[in-house]
Structures are given as C-alpha cells and as structure tokens.
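Visitor: Generate coordinates for the sequence data below:
(one chain, ligands or ions: 1)
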Amino acid sequence: MKKLFAVLLSAAMLFSLAACGSTSTGVNQPESGEGDAAGGQIVVGFSQVGAESDWRTANTESMRGTFTEANGYRLIFDDAQQKQENQITAIRNFIQQEVDYIVLAPIGETGWDTVLQEAKDVGIPVIIVDRMIDVSDDSLFTCWVGSDFRKEGDTAVEWMQNVLADKDSVKIVHLQGTIGSSAQIGRTEGLEAGVAANANWELVAQQTGEFTQAKGQEVMESILKQQSEIDVVYCENDNMAFGAIDAIEAAGKTVGVDGDIIVISFDATNAGLTTTLEGKINYNVECNPLHGPRVENLIKQLEAGETPEKLAYVDEEAFDATTITQEVIDARSY
Ligand code: AHR
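Guide: Take a look at the predicted model:
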C-alpha cells in the first residue's frame, strides 16, 4: 500500500512539474510562474548597445518600463557594453531560449547577416530599433523604428547656414559618434554635405568621441592644442558636447550665444536642453529615445497577425538657445 502511494505521489509531482515548465513557445517562465505564452505573456529578448550616453539611459528606461510583467511581457535584457560580438552572443542566447521576439538596438550597421539568418531559420521575428542595419536581404528583420539621422544632420546644417551666412570663413571641429553607427553616419553625411556646399566652411578637425562625455572632452582638449581658430564645434550628441564645453572653457575660451565658439549638439535630452537654455549649446537637434511603446505597438500588430510598416521614422524637433524656454524642458520626460 505504502509502495502504491509513493508511485502515485511521484506521478502527480511529475505531472505538475511538466505543467509548470511548458509553454507554447517552449521558453522557461519566471519562477513566480506568473503567466505563460498561452496566458498572454510574451517573451522579448532585447540586445542594447550599452550605456554610453544620457540618451541611451533614457532608451533603456523606456524599454524596461514598457516590457514589464504587469504589461504581459518577460523582458530578457542584455547590455552589450559597446561590443558587436556581445550583441551577436546575446542574439544567439535569445534564439536558444526560444524567445517570442528579438529586439536589437545595433551598435553598427554591418555584420548582422549570419546571426539574423539564424533567427530567421527558427522563425523568431527580429525588430530593429534606433539605429539601422545594412543587410544583404531585408527579410532578415521584420521591421525597424528609429530616427532619420541624415535629416538630423541636415537640420543642424540648415541652422548653421542661416546663422553663419555673413562670415567669410567658418572653421569647424567635428566630434563624431561611434564610427559605423547610423547616428554617426547620418549626422556626418549631413555636415560633410554642408561643408561641400559652402565654400567658406572648413573642417579643421574630425575625430570620434564615441558618444561619451569623457572621450568628447579628451578629444576636444587635444584638438584645442593644435587648433587655435575654431568657430564651430559640431558634436554628434549631448554628452560629447558637455565634454567639449568643459575642454573649451578649461582652455580659457567661451562657448555658445555670444561666446567664442558655437556649439551644435544632438539628442536634446533634459541635460542637453538645460545647457541649451543656459546658452552654452547654440542649437540642439532632437533624437527621441522613447522607443519602448513604439516597439510594443509593432509587437501588438504582429501578435494580431498584421504586417507593420517595414520602416517607421520618428518625428523630431530642434531647439535654438535664443528661443527655448524652461517650459519646453519641463514638458519632456527624458
Ligand atoms: O543612436 C542614437 C545615439 O546613440 C544618440 O544620439 C547617442 O547619444 C547614443 O549613444
């Protein structure tokens, strides 16, 4: 009798374990057992570039704040620490875990074909967010949402053309973002087209500050030692602008409205716009990081069996130090 009871007990335990562990996607669920694919929980693997800037922090917060268990998701977040090989490893891990969706914020545009083919082979949709990828076959990703970085560059150049129209000679220092990223490529193309179109503009230095404040400062310090005449510093994000401003001021020069050197920046984060309101950044072109709800909207469309737009560009504004107000800054969440 004792033996029969033990057999029945083990069978019951095995049955309940199997019931807890299985989902229609085969992905392991959280220990709390809260939800499963059948019960509506969607598993999202998100490969983030890193934490190089205020923009990136706001972007991570937007994704984490959207893909919560309360909203019906299990988010597997991976910080690649600025390395493409880490992103490739993360994607392979997501594939192994049989996630429902892979979301990739790519560091650079190239080098994704092989790993995305692996995701495609097992039928996991891949959503690209923020920067774009350059692949031989567009069916390797389902859809993309992000910024028009070339348009951002053109917007900054248009402002420069208006403000610098009367100057005989304009010497420009260019601090680039991570080389090979769409944000760098688009903003650089915009400036280089501006330099080609304006005979009085001269690019006196062009170097990467890798989108970080520390590197922006270091690079600007070294440029200031070699270049005494600078009219404009075109920084491809707010953090590099902060670093450049620190370097310029430490060298005894002034920046911004009525300053020695005009500062152009991108992102328009809260800190960036505060520096714009202070008059130290002359012109700040927005790059909107709040992609969490946008990616969720794409997933909802896919869940409903719809086909989202392949490419979705976010609307963005630009802010001039002479017209920006505190109210504009207060109204923004990043
Ligand atoms: O891809 C967006 C860019 O990446 C932002 O301009 C920059 O701040 C970030 O690191």
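Visitor: Which residues of the chain lie near the ligand?
Guide: Within the chain, the positions near the ligand by Cβ under 6 Å from any ligand atom are Glu52, Ser53, Trp55, Arg56, Asp130, Arg131, Ala183, Phe211, Asn237, Phe266, Asp267, Cys287. Where you see a C-beta, it was placed from the backbone N, CA and C, and this is true even at glycine.
Visitor: Can you lay out these as JSON lines showing secondary structure?
Guide: Below are the residues of the chain next to the ligand laid out as JSON lines (DSSP: H, G, I helix; E, B strand; the rest coil):
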{"residue": "Glu52", "secondary structure": "coil"}
{"residue": "Ser53", "secondary structure": "coil"}
{"residue": "Trp55", "secondary structure": "helix"}
{"residue": "Arg56", "secondary structure": "helix"}
{"residue": "Asp130", "secondary structure": "strand"}
{"residue": "Arg131", "secondary structure": "coil"}
{"residue": "Ala183", "secondary structure": "helix"}
{"residue": "Phe211", "secondary structure": "coil"}
{"residue": "Asn237", "secondary structure": "coil"}
{"residue": "Phe266", "secondary structure": "strand"}
{"residue": "Asp267", "secondary structure": "strand"}
{"residue": "Cys287", "secondary structure": "coil"}
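Visitor: okay if I get the residues you listed as TSV plus neighbour count?
Guide: What follows is the residues of the chain next to the ligand, written out as TSV (neighbours: other Cβ atoms under 10 Å):
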residue	neighbour count
Glu52	22
Ser53	26
Trp55	23
Arg56	23
Asp130	27
Arg131	25
Ala183	26
Phe211	29
Asn237	32
Phe266	32
Asp267	30
Cys287	26
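Visitor: Surely Asp246 and Gln217 touch.
Guide: Yes: between Asp246 and Gln217 there is a contact at 5.3 Å, judged by Cβ atoms under 8 Å.
Visitor: Comparing the two, which residue is more hemmed in?
Guide: For Asp246 versus Gln217, the count of surrounding residues by other Cβ atoms under 10 Å is larger for Gln217: 22 against 16.
Visitor: Show the contacting residues for the residue most central in space within the chain.
Guide: Most central in the chain under Cα atoms, centre = their mean is Asp130, positioned 4.6 Å from the mean C-alpha point. Residues in contact with Asp130 (Cβ atoms under 8 Å, 6 or more residues apart in numbering) are Val49, Asn59, Ala105, Pro106, Gly146, Ser147, Ser182, Ala183, Pro289, His291.
Visitor: Between all of those residues, which two are separated the most?
Guide: Greatest spacing in these, by Cβ to Cβ: Pro106 and Pro289 (15.0 Å).
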